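Participant: The following block contains a protein sequence and its predicted model.
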Amino acid sequence: MPVSIAKSILVSAGVSLLALPAAAQTAASGFDKAPWWVQTPVITQVGYVRTEVPANRAQFSASFLAVGKTADQAQAKAVEQTRALTEALRKLGPDKVQINTGFSMRALYEQYRDKDGNRIENQRGDKIDSYQVTLTMTVKVLDTSILERAYALVLAASPTSTQQVYFSLEPENETKTWLYSEAVKDAARRANLAVTAAGAKLGGVKVIDPTGRACQTDILARGEPKDGEDQDAYTVQVTGARARMAAPAPPAPMMAESASAVDQLEAKAAQNAFIQEPPLHTLTAQACVVYGLN
């Protein structure tokens, strides 16, 4: 084919391709359209922060066993065992300690021995001898500075059994805000270092995304969103305000005998030293910042 004819074919093909709409050009060329950042150079940078914070919540439980001829008597005995303990824990403050109690009950049947001397327990409703009630008290400590005292009070009440102390961390809103702020600062430091190393200059901020999604490759490769597409890809929902539970009703005035029992329990608890040091929990955060380039 003569060279002049080949050139005219290529030129006419190029003209016809440029005359096509953008979508048709993409289909005709066999390539996707260029991502948005080709025309507007940017640098995406993820900032990271890691810190360790002591646990600020603790929880443990204890069980108290009581036996009575009737179910009501057994339950009353179990409550009586924990009356002084409940009053002593309430004195620590409802904003520092939360108390929950639960009951479980089972019937104890009459027993007899068979002709071989083996002890046999009746399983008939008319052969119930007494009832056994287990009162389980769960103590949630919201202020770990009084954890050791609350734990000592429970052990001083001589429970039938206890469980170990479980620690947890519920970050405060101030801590969450600090983490996010430090992650953004780290992103700025990293971006400045990268741009300086590349011999460019950092421009203005285009996107700040605490979820980090804006720095993902699939999002960077997108064009401008069209109608019906994911318009809220960069929407961030911030939650942190916790609903406050209503404070429990104040306890009824104690009688002299009850007050004396509380004093004795507190004195017994003061004699025992328990070390319950809250462990450290790791918190991490990240933030994606997109900068323009000058």
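Facilitator: Arrived safely, thanks for sending. Residues are numbered from 1 along each chain as shown.

Participant: show me where the stretch 1-150 of the chain has strands.
Facilitator: 42-54, 57-68, 97-109, 111-113, 119-121, 128-141 (DSSP state E, counting those that start in this stretch).

Participant: Throw the ones you listed into TSV and include mean pLDDT, distance to Pro279 and mean neighbour count, thanks.
Facilitator: The C-beta positions use only the backbone N, C-alpha and C, and glycine is treated the same way. Shown next, in TSV, are the strands of the stretch 1-150 of the chain (pLDDT from 0 to 100; distance: least, Cβ to Cβ, whole Å; neighbours: other Cβ atoms under 10 Å):
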stretch	mean pLDDT	distance to Pro279	mean neighbour count
strand 42-54	92	7	17
strand 57-68	94	10	18
strand 97-109	91	20	14
strand 111-113	71	48	10
strand 119-121	70	45	10
strand 128-141	93	14	19
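
Participant: Among those, which comes closest to Val290?
Facilitator: Closest to Val290 of those is strand 42-54 (Cβ to Cβ; 5.0 Å).

Participant: where exactly do the helices run in the stretch 151-294 of the chain?
Facilitator: Counting by DSSP state H, counting those that start in this stretch, the segments of the stretch 151-294 of the chain that form helices are 173-198, 217-220, 256-270.

Participant: do you know how far Phe269 is from Tyr180?
Facilitator: For residue 269 the amino acid is Ala, not Phe. From Ala269 over to Tyr180 the distance is 42 Å, taken as Cβ to Cβ, to the nearest Å.

Participant: For Ala214, find the nearest of the strands of the stretch 1-150 of the chain.
Facilitator: strand 42-54 (7.0 Å).

Participant: thinking again about what came up before, can I get the strands of the stretch 1-150 of the chain in TSV with distance to Gly212?
Facilitator: Formatted as TSV, the strands of the stretch 1-150 of the chain follow (distance: least, Cβ to Cβ, whole Å):
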stretch	distance to Gly212
strand 42-54	6
strand 57-68	28
strand 97-109	36
strand 111-113	67
strand 119-121	63
strand 128-141	33
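
Participant: who wins for proximity to Leu155 among these?
Facilitator: strand 57-68 (7.8 Å).

Participant: between Ala269 and Tyr180, which one's more packed in?
Facilitator: Ala269 (21 against 18; other Cβ atoms under 10 Å).

Participant: who's in contact with that one?
Facilitator: Neighbouring residues of Ala269 by Cβ atoms under 8 Å, 6 or more residues apart in numbering: 88, 149, 152-153, 155-156.

Participant: among the helices of the stretch 151-294 of the chain, which gets the worst mean confidence?
Facilitator: Looking over the helices of the stretch 151-294 of the chain, mean pLDDT reaches its minimum on helix 217-220, with a mean of 60.

Participant: Gly47: what's its closest spatial neighbour, skipping adjacent residues?
Facilitator: Using Cβ to Cβ, 6 or more residues apart in numbering and skipping the chain neighbours, the partner closest in space to Gly47 is Ala187 (2.9 Å).

Participant: How about Thr284?
Facilitator: Arg50 (4.9 Å).

Participant: now swap in Gln164 and tell me
Facilitator: Per Cβ to Cβ, 6+ apart, closest to Gln164 is Phe60, 6.7 Å.

Participant: partner residues bridging that neighbour?
Facilitator: Val139 (DSSP bridges).

Participant: Help me confirm that it comes into contact with Leu153.
Facilitator: No - here Phe60 lies out of contact with Leu153, judged by Cβ atoms under 8 Å, at a distance of 11.5 Å.

Participant: how far away is the residue nearest to Gln81 when sequence neighbours are not counted from Thr82?
Facilitator: Leaving out its chain neighbours, the residue that sits closest to Gln81 by Cβ to Cβ, 6+ apart is Phe64, at 4.7 Å. For Phe64, the distance to Thr82 equals 6 Å [Cβ to Cβ].

Participant: which residues are in contact with both of those two?
Facilitator: 135, 137, 157.

Participant: just these now: which is nearest Leu283?
Facilitator: Met137 (31.3 Å).

Participant: For the closest one, which residues are in contact?
Facilitator: Neighbour list for Met137: 61-64, 82, 85-86, 99-101, 154, 159 [criterion: Cβ under 8 Å, 6+ apart].

Participant: Relative to Leu92, which of the residues you listed is nearest.
Facilitator: Of the contacts of Met137, the one sitting nearest to Leu92 (Cβ to Cβ) turns out to be Ile99, at 9.8 Å.

Participant: surely that closest one meets Ala88?
Facilitator: No - in this structure, Ile99 is not within contact of Ala88 by Cβ under 8 Å, at 10.6 Å.
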